[in-house]
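> for reference, the sequence and a predicted model appear below.
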Amino acid sequence: MLTKVYGSAVFGVDAQVITIEVNVGRGIGYHLVGLPDNAIKESNYRIAAALIHNGYKIPGKKITINLAPADLRKEGSAYDLPLALGILLASGQISTDTVKEYLVMGELSLDGSLQPIKGALPIAICAREAGFKYFILPWENAEEAAIVTGLKVYGVKNIREVIDHFDKDQPLEEKKVDIEEVYYEQQRHAEHDFSDVKGQESIKRCMEIAAAGGHNIILIGPPGAGKTMLAKRLPSILPPMALDEALETTKIHSVVGRLKNTGLMTQRPFRSPHHTISDVALVGGGSYPQPGEISLAHNGVLFLDELPEFKRSVLEVMRQPLEDREVTISRARFTVTYPSSFMLVASMNPSPNGYFNDKDAPWSSSGTEMQRYLGKISGPLLDRIDIHIEVTPVPFEQLAETRRGEASADIRQRVIAARSLQTLRFRHIPNLHYNAQMNTRQIFTYCMLESASLKLLKSAMEKLNLSARAYDRILKVARTIADLDGSEKIRNDHVSEAIQYRSLDREGWLG
């Protein structure tokens, strides 16, 4: 007897329907075809034990299973449940006429209980688009999949519930999520707040500018100056994620299995990988590509602490994603593209010992040591960082103050107002939402300078020996500063403030 059950495979951040064809006929044997990986090939052992523990069995006949389309490689243990269901239907142990309306996924334990799967959200989106009415999956993933409207999601804990649903018409409990309620409820909570930061007013200003224009920023200062503390608070002043941004971000985290009993991600991600990370772990890849840290930081912040300690090869692979805001990974059989539109926040000490040019430091480094240290970061990568700022230690008097600083919520309101101006300005340009995304042509259109400002910028370019890319960065930052002031024109003071945020280019920092 031949039967068909439907599952799904995830490629990149999207999913595709997989038809699981099961035929039980004369003879003996178990044949699984359709490019399964080892985890799928081992499924017969898990399925056999799970069925026995629930009063069923794998029939002693010839079982042929095909995962169609057969030319796409399938991976993972999430096919256990649809395979088991197909075997029961094809062998006549249970019967139903409605299985074609269901998409089924789940990993089986030996006792028949279900383990969570990866990629539940993109699979649910695929099921809805393919016209399925129902989606059965492990209970732990139900809230994640229930984000998708127009699809009834059933979370189950054991294969027995699935069997009884089809064979004995016992209804499953539908998982429902009010996506708007979840979205607005979670927006109210922020773990870190700028009101906790003592002093550092100039750095807060830089962070506000970076958030308002989506600019990359590097913080340079000695140990204990507050670089990491400031970076962790940047997401709290970024505009709230739109619903489509939240869905896109949740899809990426779903693919790598980072969502456990959680639904929609509404807080902007903050990723802080250790400096020992490999280039594959950072940008994504592997024999069967998975998203890397830069994609997990999509629509949020990627924080690289102690930037010179990262391997140069790791930093260099970020150059293309920083420009294109996506990363493409190619393999012999297929190519996947992951989004990677993130704000890069980096920090570093000014010298190997951290105290270059500090007369009160316990020890010092020479200019040669400083050059060698900064030389670990390539000029092209440094040029892709819009704002360079020096962070100095906070004096004791400011640390001892009991008065709290300006709250993140107040700063965020100014950032939202500036972003609103940018959204209005770029409303007719697809995929352009804030100043940092402007290309050269758009900079020429929206960042026109008066003659006095041009003269000031020319002088700074020659003195600091800045590159053409740095020129574009200064204009973008000046445009953002003008937006924060509510000014349509870029004034002289906007340009001069933007120039000072490039003063930590290599030549400028070394004087």
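Arrived safely.

> please count neighbours and contacts with C-alpha atoms only from this point.
Fine.

> which residues are in contact with the closest residue to G213 other than its chain neighbours?
Spatial nearest neighbour of G213, excluding adjacent residues (C-alpha to C-alpha, 6 or more residues apart in numbering): N435 at 5.0 Å. When contacts are counted by C-alpha atoms under 8 Å, 6 or more residues apart in numbering, N435 touches G213, G214, H215, Q422, K476, V477, R479, T480.

> any idea how far D383 is from N435?
16 Å (C-alpha to C-alpha, to the nearest Å).

> and stretch 38-46, what's buried?
Using 16 or more other C-alpha atoms under 10 Å as the test for burial, stretch 38-46 gives I40, K41, S43, N44, R46.

> kindly report the same for stretch 320-340.
Buried positions in stretch 320-340, judged by neighbour count with 16+ other C-alpha under 10 Å: P321, L322, R325, E326, V327, T328, I329, V336, T337, Y338, P339, S340.

> spell out the secondary structure type for the nearest residue to the first one once chain neighbours are set aside.
In this case it means P321. When the adjacent residues along the chain are set aside, P321 lies closest to V327, with 5.4 Å between them (C-alpha to C-alpha, 6+ apart). Local secondary structure at V327 is given as strand here, using DSSP: H, G, I helix; E, B strand; the rest coil.

> tell me the bridge partners for the nearest residue to F270 once chain neighbours are set aside.
Nearest non-adjacent residue to F270, counting by C-alpha to C-alpha, 6+ apart: V301, 4.9 Å away. Assessed by DSSP bridges, V301 has beta-bridge partners F270, M343.

> closest to G119 among the buried residues of stretch 38-46?
Taking C-alpha to C-alpha as the measure, G119 lies nearest I40 of these, at 16.4 Å.

> from the buried residues of stretch 38-46, which ones fall inside strands?
With strands defined by DSSP state E, no entry of the buried residues of stretch 38-46 lies inside them.

> make TSV from these and add pLDDT and distance to L307 to it.
Output for the buried residues of stretch 38-46, formatted as TSV (pLDDT from 0 to 100; distance: C-alpha to C-alpha, whole Å):
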residue	pLDDT	distance to L307
I40	95	41
K41	94	43
S43	95	44
N44	94	48
R46	96	46
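
> need those in a markdown table (columns: distance to T149).
Formatted as a markdown table, the entries for the buried residues of stretch 38-46 read as follows, by distance: C-alpha to C-alpha, whole Å:
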| residue | distance to T149 |
| --- | --- |
| I40 | 30 |
| K41 | 34 |
| S43 | 31 |
| N44 | 34 |
| R46 | 33 |
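
> can you tell me which of the residues you listed is closest to H388?
Minimum distance to H388 across those is 49.9 Å, recorded for I40 (C-alpha to C-alpha).

> check contacts around the nearest residue to that closest one once chain neighbours are set aside.
Taking C-alpha to C-alpha, 6+ apart, and ignoring the residues beside it in sequence, I40 has S77 as its nearest neighbour in space, at 5.6 Å. Applying C-alpha under 8 Å, 6+ apart, we find S77 in contact with A39, I40, S43, G106, E107, L108.

> and P269, what does it touch?
Applying C-alpha under 8 Å, 6+ apart to P269 gives the contacts P235, L296, A297, H298, N299, G300, V301.

> farthest pair in those residues?
Comparing all pairs in the contacts of P269 by C-alpha to C-alpha, the longest separation belongs to P235 and L296, at 14.4 Å.

> which one of those two has more residues nearby?
For the pair P235 and L296, the greater number of neighbours falls to L296 (29 against 23), based on other C-alpha atoms under 10 Å.

> quick one on the thing from earlier: same list (the contacts of P269) but as JSON lines, adding pLDDT, secondary structure and distance to I277.
Listed next are the contacts of P269 as JSON lines, based on pLDDT from 0 to 100; DSSP: H, G, I helix; E, B strand; the rest coil; distance: C-alpha to C-alpha, whole Å:
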{"residue": "P235", "pLDDT": "92", "secondary structure": "helix", "distance to I277": "23"}
{"residue": "L296", "pLDDT": "94", "secondary structure": "helix", "distance to I277": "14"}
{"residue": "A297", "pLDDT": "94", "secondary structure": "coil", "distance to I277": "15"}
{"residue": "H298", "pLDDT": "94", "secondary structure": "coil", "distance to I277": "18"}
{"residue": "N299", "pLDDT": "92", "secondary structure": "coil", "distance to I277": "21"}
{"residue": "G300", "pLDDT": "93", "secondary structure": "coil", "distance to I277": "19"}
{"residue": "V301", "pLDDT": "95", "secondary structure": "strand", "distance to I277": "17"}
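
> just put those in JSON lines and tack on distance to S347.
As requested, those are arranged in JSON lines below (distance: C-alpha to C-alpha, whole Å):
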{"residue": "P235", "distance to S347": "16"}
{"residue": "L296", "distance to S347": "20"}
{"residue": "A297", "distance to S347": "17"}
{"residue": "H298", "distance to S347": "19"}
{"residue": "N299", "distance to S347": "20"}
{"residue": "G300", "distance to S347": "17"}
{"residue": "V301", "distance to S347": "13"}
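
> circling back: roughly how far apart are the residue nearest to G213 and I218?
Remark: distance between N435 and I218 (C-alpha to C-alpha) = 18 Å.

> residues contacting the closest residue to M229 other than its chain neighbours?
Of all residues beyond its chain neighbours, the one nearest M229 is V197 (8.0 Å), with distances taken as C-alpha to C-alpha, 6+ apart. Neighbour list for V197: M229, L230, R404, G405 [criterion: C-alpha under 8 Å, 6+ apart].

> so what's V197 scoring on pLDDT?
The predicted structure scores V197 at 83 on the pLDDT scale.

> distance check, the residue nearest to G213 against R205.
Separation of N435 from R205 (C-alpha to C-alpha) stands at 17 Å.

> so which elements touch the helix or strand where T445 lies?
Assigned by DSSP states H and E, T445 belongs to helix 440-446. In this structure, helix 440-446 makes packing contacts with helix 468-484, judged by 3 or more C-alpha pairs under 8 Å, 6 or more residues apart in numbering; DSSP states H and E.

> report the mean confidence score over the helix it packs on.
90.

> how about stretch 419-430?
Regarding stretch 419-430, the rounded mean pLDDT is 92.

> from the chain's centroid, how far away is that stretch?
Between the mean C-alpha point of stretch 419-430 and the mean C-alpha point of its chain there is a distance of 23 Å (C-alpha atoms, centre = their mean, to the nearest Å).

> next helix or strand past the longest strand anywhere in the chain?
Counting residues, the longest strand in the chain under DSSP E turns out to be strand 14-25. The helix or strand immediately downstream of strand 14-25 is strand 29-33, counting by DSSP H and E.

> so how far is K227 from the residue nearest the centre of the chain?
For the chain, the residue sitting closest to the mean C-alpha position, by C-alpha atoms, centre = their mean, is L296 at 2.4 Å. L296 sits 22 Å away from K227 when distances are taken as C-alpha to C-alpha.
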